[in-house]
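S.K.: kindly generate the corresponding structure for this input.
(chains A and B)
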Amino acid sequence: MDQPLIQFIVIPLVKIVVILAVLLLIVAYLTFAERKILAYMQVRLGPNRVGPKGWLQPIADAFKLLVKEDLVPAKAEKFVFMLAPGLIIIPALLVWSVIPFAPDTTLFGLLKQPIPPYLTDINIGLLFLLGVSGVGVYGVILGGWSSNNKFSLMGGLRSAAQMVSYEVPMGFAVVSVILMAGSLSLVRIVQAQQEAHLWFFVPGILALAIYFCCGVAETNRNPFDLPEAESELVAGFHTEYSGMKFALFFLAEYANMLVIGSVVALLFFGGWLRPFPSWGWLGFLDIIPPFFWFAGKVAVVIFIYMWFRGTFPRYRFDQLMHIGWKWLLPLSLANVVIVALGVLLLKG
Amino acid sequence: MAFLVAHFTQIVFYVLALLAVLGGIGVVTFKNPVHSALSLLGTFLMVAGLFVLRHAEFLAAVQVLVYAGGIMVLFLFVIMLVNVKKLQPEAVFLSAQAPMAVLAGVLVGALVAFGLLAGKLAAAGGVPAALQTVDGKVLGNTEAVGWLLYRQYLVPFEVVSVVLLVAMVGAIVFGLKSASLDRGEGRAER
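M.R.: Numbering: from 1, shown residues only, chains lettered A, B, ... in the order given. As a prediction, the model looks like this:
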């Protein structure tokens, strides 16, 4: 095989397959982790029947969803009904093409020269990430609309309003990190934190709070899970979906949670860097490979997601809009001004 | 295979352009407004692809972020909220707007053709330098757009922001007026 073929087709294909396989496995076990953690928070046992201590539960769930009958409501808009799960899962997986989860590696000496383990690093990485994950909202709206069910429609409309509203402060929170790093490339942002000897959550503590709030709202999670508020909307936009189509909505939700967790880790907590990367006497921490530092940081964020779900009651819809437009948006604007001034004064 | 590699950019360009035009035709021919909106979404995404081909990555990202992720969502929101019924068959092509639309289309087409023939829009080969360079240094599309927007075109940029602000205030005033009319009071509660 000639060199370009390997470089441009074989290696990316291998990376795509590995990333997707690992991602889907992690997502499957996130559902298990969520059920277990919630169960312990509520003094229950959680799933413990399938396999040792319930560890095969996600496999059984996936199998059940695969063989379940795939219902399409008689009065549904067939084409859009089929399209909606695709529209939500494609962006959720596409984002992973730009997330750098570890620096260039030789895979413990297997390769002659180091290659990046992530798929690609583009100069508009962060904008690509925001843009593509913004497209995911179509799956929710169209799924709600095409089901021809008033609960689904209400869920779809709520999510459209919610996701568009919270995208704005989220964008501004990200802007302050871009100002500090001076780049949109996610790899550059991590390197900037290494060069500054400072994780960006210290100067960007407000941006972190805003970003995480908006991230919870964007992924329709507690306490902002109004699009699927079961006490008022049955299950919201995915009421009419069953079998594998429902599984795709579910997968997308967890994949998006992982994306938010990864972005928090990359933008605010130094991505794959160990704590205090400039302190030499902490060098023994390098025994843990960079990928595991990254994964650990993401895991903490995901745990906080689940902690939220176990702790907070759901907001009312007007409260949600109130928080988004009257609190988060002005706060994020003020934060951008403060950070911009700080960058201007410190960097000259 | 060699042909594919040698003409990769052109092939991608024609595929994207064809899909973009098909999406545009879909917008005006679909009977169901939601299908039209989806078709327009497809066109936006294809145009973003065309921007990437011309090394305008920033514009592509903003195209997806603003048009696909923001504006079209609001479109769909309105379509679903007011629940537009399917268009009547005779209302599609035989309205009074049709001749005017054809006229406008021909005029714009003529303008683009004139521009191409006169060489104003040429620069077909290579990367347009203005999209990539800042102060003579190649930095990237984001930096180049920022540099142009906040230095060379600062005044037009600020004028546009003021116009948008005025439009926003206008929309809020209209909204408040209709809200107070609904309640039959002098002014809205909040």
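S.K.: pull the number of nearby residues for the residue in chain B positioned nearest to chain A.
M.R.: Closest approach between chain B and chain A, counting by C-beta to the nearest C-beta: B:G69, at 2.8 Å. For the C-beta atoms, the positions are set from N, CA and C on the backbone; glycine is no exception. Number of residues near B:G69 (other C-beta atoms under 10 Å in any protein chain shown) recorded here: 26.
S.K.: what helix or strand does the spatially closest residue to B:G69 that is not a sequence neighbour sit in?
M.R.: Nearest non-adjacent residue to B:G69, counting by C-beta to C-beta, 6 or more residues apart in numbering or on different chains: A:G134, 2.8 Å away. Using DSSP states H and E, A:G134 sits in helix A:125-135.
S.K.: contact partners for the closest residue to chain B within the stretch 51-200 of chain A?
M.R.: Here the stretch 51-200 of chain A gets closest to chain B at one residue, A:G134, 2.8 Å apart by C-beta to the nearest C-beta. A:G134 makes contact with A:P91, A:M163, A:E167, B:V64, B:L65, B:A68, B:G69, B:G70, according to C-beta atoms under 8 Å, 6 or more residues apart in numbering or on different chains.
S.K.: so how many other residues sit close to the closest residue in space to A:P73 that isn't next to it in sequence?
M.R.: Using C-beta to C-beta, 6+ apart and skipping the chain neighbours, the partner closest in space to A:P73 is A:E240 (5.2 Å). Using other C-beta under 10 Å, A:E240 has 22 neighbouring residues.
S.K.: with the one 3 residues further on instead?
M.R.: Using other C-beta under 10 Å as the criterion, A:G243 is surrounded by 15 other residues.
S.K.: what sits against it?
M.R.: By C-beta under 8 Å, 6+ apart, A:G243 lies in contact with A:L65, A:L66, A:K68, A:E69, A:D70, A:L71.
S.K.: now residue 41. Nearest residue, chain neighbours left out?
M.R.: Picked chain A for this. A:G310 (4.0 Å).
S.K.: nope, chain B
M.R.: B:M72 (5.1 Å).
S.K.: assess the claim that that neighbour and B:G42 are in contact.
M.R.: No - in this structure B:M72 lies outside contact range of B:G42 using C-beta atoms under 8 Å: 10.2 Å.
S.K.: sorry, back to before: quickly note the distance from the residue nearest to A:M41 to chain B.
M.R.: A:G310 sits 31 Å away from chain B, going by C-beta to the nearest C-beta, to the nearest Å.
S.K.: so after the lowest-mean-pLDDT helix or strand in chain B, what's the next helix or strand?
M.R.: None of the helices or strands of chain B scores lower by mean pLDDT, DSSP states H and E than helix B:89-93, at a mean of 55. Using DSSP H and E, the helix or strand that follows helix B:89-93 towards the C-terminus is helix B:97-117.
S.K.: just the CA coordinates for stretch A:133-148, please, in PDB.
M.R.: The C-alpha coordinates for stretch A:133-148 follow below in PDB (Å, rounded to 0.1, in the frame of the first residue of the first chain):
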ATOM      1  CA  SER A 133     -23.800  20.000  18.700                       C
ATOM      2  CA  GLY A 134     -26.200  22.900  18.000                       C
ATOM      3  CA  VAL A 135     -27.500  20.900  15.000                       C
ATOM      4  CA  GLY A 136     -28.500  18.100  17.400                       C
ATOM      5  CA  VAL A 137     -31.600  20.100  18.500                       C
ATOM      6  CA  TYR A 138     -33.300  19.200  15.200                       C
ATOM      7  CA  GLY A 139     -33.600  15.600  16.200                       C
ATOM      8  CA  VAL A 140     -35.500  16.600  19.300                       C
ATOM      9  CA  ILE A 141     -37.800  19.200  17.600                       C
ATOM     10  CA  LEU A 142     -38.600  17.000  14.600                       C
ATOM     11  CA  GLY A 143     -39.000  13.900  16.600                       C
ATOM     12  CA  GLY A 144     -41.500  15.800  18.800                       C
ATOM     13  CA  TRP A 145     -43.300  17.200  15.800                       C
ATOM     14  CA  SER A 146     -43.500  14.100  13.600                       C
ATOM     15  CA  SER A 147     -44.900  11.900  16.300                       C
ATOM     16  CA  ASN A 148     -48.300  13.600  15.900                       C
END
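S.K.: buried sites along it?
M.R.: A:133-147 (16 or more other C-beta atoms under 10 Å in any protein chain shown).
S.K.: now swap in stretch A:89-103 and tell me
M.R.: Within stretch A:89-103, the residues that qualify as buried are A:89-93, A:95-103, counting by 16+ other C-beta under 10 Å.
S.K.: sorry, back to before: dump the contacts of A:G243 to TSV, plus neighbour count, secondary structure and distance to A:S176.
M.R.: Shown next, in TSV, are the contacts of A:G243 (neighbours: other C-beta atoms under 10 Å in any protein chain shown; DSSP: H, G, I helix; E, B strand; the rest coil; distance: C-beta to C-beta, whole Å):
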residue	neighbour count	secondary structure	distance to A:S176
A:L65	18	helix	41
A:L66	11	helix	44
A:K68	14	coil	45
A:E69	6	coil	49
A:D70	12	coil	45
A:L71	13	coil	46
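S.K.: what is the nearest of those to A:V18?
M.R.: A:L66 (22.3 Å; C-beta to C-beta).
S.K.: quick one: contacts for the closest residue to the closest one other than its chain neighbours?
M.R.: If you skip the residues right next to it in sequence, A:L66 has A:M244 as its closest partner in space, 6.1 Å away by C-beta to C-beta, 6+ apart. A:M244 makes contact with A:L65, A:L66, A:K68, A:D70, according to C-beta under 8 Å, 6+ apart.
S.K.: check what pLDDT A:M244 gets.
M.R.: Looking at A:M244, its pLDDT stands at 82.
S.K.: check contacts around A:Y211.
M.R.: With contact taken as C-beta under 8 Å, 6+ apart, A:Y211 is in contact with A:M170, A:A173, A:V174, A:V263, A:V264, A:L267, A:F268.
S.K.: residue numbers of the stretch 101-250 of chain A in contact with chain B?
M.R.: Contacts of the stretch 101-250 of chain A with chain B, taken as C-beta under 8 Å from any C-beta of the partner chain, map to A:122-124, A:127-128, A:130-132, A:134-135, A:137-138, A:141-142, A:145, A:153, A:156-157, A:160-161, A:163-164, A:167, A:171, A:184.
S.K.: for chain B, which segments are assigned as strands?
M.R.: All strands of chain B, identified by DSSP state E, fall at B:133-134, B:137-138.
S.K.: A:F249 touches A:G143, doesn't it?
M.R.: Yes - A:F249 lies in contact with A:G143 (C-beta under 8 Å); the separation is 7.1 Å.
S.K.: anything in contact with each of the two?
M.R.: Common neighbours of A:F249 and A:G143 (C-beta under 8 Å, 6+ apart) are A:P85, A:I88, A:F237, A:H238, A:Y241.
S.K.: could I get those in CSV, plus columns for distance to A:F291 and neighbour count?
M.R.: Below are the shared contacts of A:F249 and A:G143 laid out as CSV (distance: C-beta to C-beta, whole Å; neighbours: other C-beta atoms under 10 Å in any protein chain shown):
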residue, distance to A:F291, neighbour count
A:P85, 30, 23
A:I88, 27, 27
A:F237, 35, 33
A:H238, 33, 27
A:Y241, 34, 24
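S.K.: nearest to B:G115 among those?
M.R.: A:I88 (40.5 Å).
S.K.: low pLDDT regions in chain B?
M.R.: Residue ranges of chain B with pLDDT under 70: B:1, B:83-95, B:119-138, B:178-190.
S.K.: where is the longest helix in it?
M.R.: helix B:154-183 (DSSP state H).
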